[in-house]
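# no sequence for this one, just the structure:
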C-alpha cells in the first residue's frame, strides 16, 4: 500500500465523558478551535473500570475525534483544561488506511 493512500498523520482519539452536555461542549470546543475535523458523540455507553482500588461502573458518553498527529498535543491540552474527570481517557490511535478523500478532508480541516 502506498503511504499517500493510508492514514498517515490522521488520528482517531477516544475520550469518555460523564454526561452528554459535557461531551457536546468538548466536541464543540475542539471543532471550533480546529483541533478536530469531526467529532462523533456516542451516548449511553456503560463502562466498567478500576478506580482507587475497586471496580466502578458508570454510564458515559464516548467522543470519537478525528484529528492529526500535529494537533494532538494541543487537542490533549484543550480536553484536559475543560474535562471534569481527574484522569480523563484520551487515547489516540493512528489510522493505517482509509478512504483517501475523507483523510484529505480531515487534514484540510485541522488548524496548522
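All right, it came through fine. Owing to the predicted nature of the structure, the values given are computational and were not obtained by experimental measurement.

# Next, residue 22: phi, psi?
Dihedral pair for residue 22: phi -60, psi -50, per degrees, to the nearest 10.

# My error: substitute residue 93 in the last question.
Residue torsions, per degrees, to the nearest 10, at residue 93 are phi -120, psi 130.

# Strands of the protein, start to end?
Shown for the chain, the strands assigned by DSSP state E span residues 10-17, 38-51, 54-68, 90-94.

# Mean neighbour count, these: which tops it?
Mean neighbour count (mean count of other Cβ atoms under 10 Å) peaks for strand 10-17 among the strands of the chain, with a mean of 21. From N, CA and C alone the C-beta is placed, and that goes for glycine too.

# Could you list the low-pLDDT ranges of this protein?
For the chain, the stretches flagged by pLDDT under 70 are 1-5, 112.

# can you pull the contacts of residue 59?
Contacts for residue 59 (Cβ atoms under 8 Å, 6 or more residues apart in numbering) come out as 44, 45, 46, 47.

# any chance of those residues in CSV, plus distance to residue 103?
Shown next, in CSV, are the contacts of residue 59 (distance: Cβ to Cβ, whole Å):
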residue, distance to residue 103
44, 29
45, 26
46, 31
47, 29
